[in-house]
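Q: Generate a structure from the sequence data that follows.
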Amino acid sequence: MNIAQHYEEASTFLLRPAPILHSVMTPPAIHEISRLGLGHLQTNWLQLHSVFMRRTLLRYLVAEEAVPFFVSLFVLTLVLFLGKTIRYTKLLFITGSGLADFGRLLLYLIPYLLAFTIPMATLLAILLAFARLANDNELTAMKGAGISFYQTIPPVALLAGFAWLGTLTLSNFVLPHANRAFQRTLVEMARSRGQLILKERVFNDQFAGLVFFINSISPDGKHLRKVFVADSRSPETNSSIIAEEGFVVQSPDGSRLTLRLLRGRIFRVNAEMESLQTIRFQKYDFNLDLNSFALGDKEFRKAERHLSFTELRQALAAASVGSTEYNRLSYEFHRRLSLPFACIVLGFLAAPLSVQSRTGSRLSEVVLGILLFLLYYVFVSASKALGEGGSFSPAVGLWLPNVIFSALAIVLWIKTARESPFKPIVLARRLLGVLTSRVKSH
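A: Okay, the predicted model is just below:
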């Protein structure tokens with residue numbers, strides 16, 4: 001038996017620990033390996049063993065994450081999609097549009113929904129995957145085999161990176177075109193029947209700078225009774241209009257809608273709130289800009305949401321620093337970058353959080369994921385409000401939640417790798433246990 005045969009025999013036991021090699025190999029193989037230098041061969045085996053284990057662990061954890069990721073993505077997108085479908089079904093009955101137009105309108109909504117559901121699906125997928133590993137003691141077995149918790153970073157980074165790239169592509173290249181197409185289709189549907197598509201006894205802000213409150217609307221959507229309109233389209237004055245009734249009049253070519261109000265008053269106040277003007281009228285007409293119509297979805301009618309990433313950068317470079325337009329464009333620019341980055345932040349936060357929490361059931365992990373995403377959204381909303389209020393720049397407001405959650409993720413990774421409990425999670429689990437026991441006792 002030559003050394004190649006001995007090496008082949010030894011290689012069949014590649015995954016066995018080096019100290020017990022002598023107990024599983026034949027004497028000729030042991031003698032030949034000892035003669036040529038066992039230490040060198042053991043080093044090669046350990047290197048191959050390490051590479052093999054890393055690849056096996058990567059494939060195993062990626063497969064463990066993939067199923068809950070795509071299932072969560074499908075379910076979350078479907079739930080939001082059905083909610084939007086119910087909302088826009090009214091268009092079929094009011095405008096008389098065909099199913100083809102309605103289908104195109106809903107199709108253009110999908111990129112908008114995916115931009116939100118991909119980060120959440122990433123969070124849930126990693127939470128569920130690591131929760132199963134922790135509950136089945138597989139992480140303990142990995143540690144016993146010499147695998148550190150830090151060695152699970154590559155599969156987490158792979159899924160988070162995939163989600164980040166997909167969301168980044170959607171936000172900067174797909175979504176602007178979808179927003180423009182959605183707005184165009186909606187305007188065409190509204191224009192086809194010359195209707196406002198407003199709701200009764202609800203404040204409607206479908207048109208930029210206008211708010212409507214209408215007591216009653218005829219079935220065809222053209223005759224309005226007890227109308228209130230707040231008009232802030234002019235920067236110099238704000239107007240409030242009250243009328244007993246009104247009619248929606250469409251121009252002959254269908255390119256313009258006019259709201260004709262009868263028997264009412266106009267109250268005008270200048271921007272400094274120093275003077276008030278009251279005007280009585282029997283008939284008052286004003287034109288409505290259908291291009292600003294968005295059925296209440298302000299996100300679709302904002303001009304910056306329709307710009308491609310290149311156009312947005314050019315507009316930002318041309319705007320005056322510190323101006324309202326610059327802040328608005330800067331907010332949109334950083335929003336398109338910070339939202340995709342949430343996939344990475346939430347993904348890396350989910351893995352150690354799942355191990356630390358040990359909720360014990362998939363439903364609990366789903367609830368935990370939803371709560372964590374809502375907490376992140378609250379941070380984003382609060383930072384956005386502070387940024388818009390001038391407390392700090394829009395960029396800081398958008399990136400601050402990512403910085404906070406990233407710091408929390410780093411702390412949790414260190415704590416989990418050292419098997420050290422994170423005290424806030426321990427306190428939360430105790431509090432939850434107390435509440436659960438009290439609910440059961442009652």
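
Q: Averaged pLDDT, stretch 369-386. What do you get?
A: Average pLDDT, stretch 369-386: 78.

Q: for that stretch, the distance to its chain's centre please.
A: In this view, stretch 369-386 has its centroid 11 Å away from the chain centroid, taken as Cα atoms, centre = their mean, to the nearest Å.

Q: which outside residues touch that stretch?
A: 119-120, 123-124, 127, 331, 342, 346, 349-350, 353, 392, 394, 396-398, 400-401, 404-405 (Cβ atoms under 8 Å, 6 or more residues apart in numbering). In short, each C-beta sits where N, CA and C put it, glycine included.

Q: Could you tell me which of the residues you listed count as buried?
A: Neighbour-count burial (16 or more other Cβ atoms under 10 Å) is assigned, among the contacts of stretch 369-386, to 119-120, 123-124, 127, 331, 342, 346, 349-350, 353, 394, 397-398, 400-401, 405.

Q: Go through these and flag which are in strands.
A: Judged by DSSP state E, the buried ones among the contacts of stretch 369-386 include no members of strands.

Q: Which members of the residues you listed occur in helices, if any?
A: The members of the buried ones among the contacts of stretch 369-386 that map onto helices under DSSP state H are 119-120, 123-124, 127, 331, 342, 346, 349-350, 353, 394, 397-398, 400-401, 405.

Q: contacting residues around Val249?
A: 194, 257-260, 285.

Q: all strands of this protein, in order?
A: Ranges of strands in the chain, per DSSP E, are 210-217, 223-231, 237-250, 257-270, 276-288.

Q: could these be laid out in a markdown table, adding mean pLDDT and distance to Gly144?
A: Shown next, in a markdown table, are the strands of the chain (pLDDT from 0 to 100; distance: least, Cβ to Cβ, whole Å):
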| stretch | mean pLDDT | distance to Gly144 |
| --- | --- | --- |
| strand 210-217 | 87 | 65 |
| strand 223-231 | 90 | 68 |
| strand 237-250 | 88 | 71 |
| strand 257-270 | 88 | 72 |
| strand 276-288 | 86 | 70 |
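
Q: can you list those in a markdown table and add distance to Glu311?
A: Shown next, in a markdown table, are those (distance: least, Cβ to Cβ, whole Å):
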| stretch | distance to Glu311 |
| --- | --- |
| strand 210-217 | 27 |
| strand 223-231 | 30 |
| strand 237-250 | 32 |
| strand 257-270 | 29 |
| strand 276-288 | 27 |
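
Q: And those strands: which comes nearest Pro424?
A: Between Pro424 and the strands of the chain, the tightest spacing by Cβ to Cβ is seen for strand 210-217, at 43.3 Å.

Q: Quick one: list the elements packing against that closest one.
A: With contacts taken as 3 or more Cβ pairs under 8 Å, 6 or more residues apart in numbering; DSSP states H and E, strand 210-217 sits against strand 223-231.

Q: Just the CA trace of the strand it packs on, in CSV.
A: Taking C-alpha atoms only, strand 223-231 is exported to CSV below (Å, rounded to 0.1, in the frame of the first residue of the first chain):
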residue,chain,number,x,y,z
HIS,A,223,-73.5,66.5,-7.8
LEU,A,224,-72.2,67.7,-4.4
ARG,A,225,-74.2,69.1,-1.5
LYS,A,226,-72.9,71.1,1.5
VAL,A,227,-69.4,71.6,0.3
PHE,A,228,-66.4,72.9,2.2
VAL,A,229,-63.0,73.5,0.5
ALA,A,230,-59.7,74.6,2.0
ASP,A,231,-57.5,76.1,-0.7
